[in-house]
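Engineer: coords below, sequence missing:
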């Protein structure tokens, strides 16, 4: 790969990172239930705060930019937030910017437009753009409006239709096969239907994404995914997946878990009506014993389908199934679209044999890619199908030549470890027995004392 190609690939990667950061920054203002005034207040609050930028540094964003990003996202979704390639332009003279800052400081009520007019008048016609001046003012913490306590607007958490809001959380379950079990659950806010649920042995982002993908495939796309700030739900890969599918991600604030009462109530029901009847240790004859994770999930499926989904909810007055069915037909996403949204990527250099390696597997690619770096797009749970991208475009499929691993190491199957087989050997007892035998041989000298001497005389007393 040439230097130009490497730079282009790096720019594309940085652009995707910036787009994801912009998407996350403005999601608070994208709630469809907000009025224009409420959205404006939220945008102003975002502009007033300092943020951690896409590459780790402190960043401030003007209100005008926030509004522009909101318009872009409405019109074109995630892709519209990808920054366009920058054109090299001359830098503004530092003395001009210093004068602009001085003009703003001496009269904070001046807007960037007004400062630009003054600069143009004093310099004979030229002045920096308003956007440049706005960035300078934000950097120097110079704002037209003084700081004030803005009334805070909250989005709605009582959904008016199915698939408007999904709420996700994780419940710590019993020990099964000697390992802790965790229940990832997703409920539809409107119907209380458990659209996603599965016990796993790992409380990580990969496991939740598997549950989330299955829920979308069978129940359609939600408009909003509402979670807490657990590590499973703030992972960058989940944010990227939701951005690709135009799903808004909302996290509850620490200490202010508004809207999470519904799933907490579901977890309470699961504890009181299902988990109370389950044991994974096998020592309680009054409970149903499950030997592994498969049996636990199968038992939970029976309880959800036969009890939870068919019981009238105390708040809605309907069963979750009835309320869900009233929402009308659900449009399911195309499998190809879903796979693209959940795929992972890895960059590899194509060898002279037109092959690449991924997690110990070997794949052949088109010979024209020899010596070039390509992006491999794949499902972490299925490494047998790999799409190949070069220069930002799909150029074919990698053909498996040698497959030793069918899933990514971060997405291993949920299998129980091999049971421990006791050998029956007590090492300490062996040492004790050996020591007793050796002591008996060394100290039993009575037979020597009872032997007569060589002349047949008894030894002296």
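Structural biologist: Structure received. Quantities reported herein were computed from a predicted structural model and do not represent experimental measurements.

Engineer: how about the helices in the stretch 1-150 of the chain?
Structural biologist: 3-26, 36-48, 63-76, 94-106, 112-123, 130-139 (DSSP state H, counting those that start in this stretch).

Engineer: Tabulate these (JSON lines), appending mean pLDDT.
Structural biologist: Shown next, in JSON lines, are the helices of the stretch 1-150 of the chain (pLDDT from 0 to 100):
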{"stretch": "helix 3-26", "mean pLDDT": "77"}
{"stretch": "helix 36-48", "mean pLDDT": "89"}
{"stretch": "helix 63-76", "mean pLDDT": "88"}
{"stretch": "helix 94-106", "mean pLDDT": "86"}
{"stretch": "helix 112-123", "mean pLDDT": "84"}
{"stretch": "helix 130-139", "mean pLDDT": "84"}
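
Engineer: element containing residue 405?
Structural biologist: Using DSSP states H and E, residue 405 is not contained in any helix or strand.

Engineer: What's the per-residue pLDDT of it here?
Structural biologist: In this prediction, residue 405 carries a pLDDT score of 85.

Engineer: got it, and residue 328?
Structural biologist: pLDDT, read off for residue 328, is 86.

Engineer: Helix, strand or coil: sort out it for me.
Structural biologist: coil (DSSP: H, G, I helix; E, B strand; the rest coil).

Engineer: re the thing from before, go through the helices of the stretch 1-150 of the chain and pick out the most buried.
Structural biologist: helix 130-139 (a mean of 19; mean count of other C-beta atoms under 10 Å). In this view, the C-beta of every residue, glycine as well, is placed from N, C-alpha and C.

Engineer: Surely residue 82 touches residue 19?
Structural biologist: Yes - with contact defined as C-beta atoms under 8 Å, residue 82 and residue 19 form a contacting pair (4.3 Å).

Engineer: Just name the shakiest helix or strand of the protein by mean pLDDT.
Structural biologist: helix 446-449 (a mean of 51; mean pLDDT, DSSP states H and E).

Engineer: Just the buried residues of stretch 162-179, please?
Structural biologist: 162-171, 173, 176-177 (16 or more other C-beta atoms under 10 Å).

Engineer: Out of those, which comes closest to residue 99?
Structural biologist: Nearest to residue 99 out of those is residue 165 (C-beta to C-beta; 50.3 Å).

Engineer: Can you name the residues bridging to that closest one?
Structural biologist: Using DSSP bridges, the beta-bridge partners of residue 165 come out as residue 224.

Engineer: what's the answer for residue 376, then?
Structural biologist: Beta bridges link residue 376 to residue 346, residue 388, judged by DSSP bridges.

Engineer: what sits against residue 327?
Structural biologist: By C-beta atoms under 8 Å, 6 or more residues apart in numbering, the contact set of residue 327 is 161, 162, 163, 190, 191.

Engineer: My read is that the fourth one contacts residue 165, right?
Structural biologist: Yes - A contact is recorded between residue 190 and residue 165 when judged using C-beta under 8 Å, the distance being 7.5 Å.

Engineer: Would you map out the domains in this protein?
Structural biologist: Per automatic domain parsing, the structural domains of the chain span 3-81, 99-153, 165-325, 343-402.

Engineer: circling back: intersection of neighbour lists for residue 190 and residue 165?
Structural biologist: Joint contacts of residue 190 and residue 165 (C-beta under 8 Å, 6+ apart) are residue 159.

Engineer: how near is residue 110 to residue 213?
Structural biologist: Relative to residue 213, residue 110 is positioned 52 Å away (C-beta to C-beta, to the nearest Å).

Engineer: before we move on, back to that, with distance to residue 407 as added columns, please give the helices of the stretch 1-150 of the chain in a markdown table.
Structural biologist: Listed next are those as a markdown table, based on distance: least, C-beta to C-beta, whole Å:
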| stretch | distance to residue 407 |
| --- | --- |
| helix 3-26 | 25 |
| helix 36-48 | 39 |
| helix 63-76 | 34 |
| helix 94-106 | 54 |
| helix 112-123 | 53 |
| helix 130-139 | 46 |
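
Engineer: Let's check: the centremost residue of this structure is which one?
Structural biologist: Closest residue to the average C-alpha location of the chain: residue 235 at 3.1 Å, with C-alpha atoms, centre = their mean.

Engineer: Let's see the pLDDT reported for it.
Structural biologist: 85.

Engineer: Tell me which residues touch it, please.
Structural biologist: By C-beta under 8 Å, 6+ apart, the neighbours of residue 235 are residue 205.

Engineer: measure it to residue 341 for me?
Structural biologist: 15 Å.

Engineer: try residue 20
Structural biologist: The value you get for residue 20 to residue 341, if C-beta to C-beta is used, is 13 Å.

Engineer: Excluding sequence neighbours, find me the nearest residue to residue 401.
Structural biologist: Leaving aside its sequence neighbours, residue 401 sits nearest to residue 362 (C-beta to C-beta, 6 or more residues apart in numbering; 4.6 Å).

Engineer: cool, and residue 24?
Structural biologist: Nearest one to residue 24, counting by C-beta to C-beta, 6+ apart, is residue 239 at 5.9 Å.

Engineer: got the buried residues for the helix or strand the one you found falls within?
Structural biologist: For residue 239, the host element (DSSP H and E) is helix 236-244. For helix 236-244, burial by neighbour count (16+ other C-beta under 10 Å) applies to 238, 239, 240, 241, 242, 243, 244.
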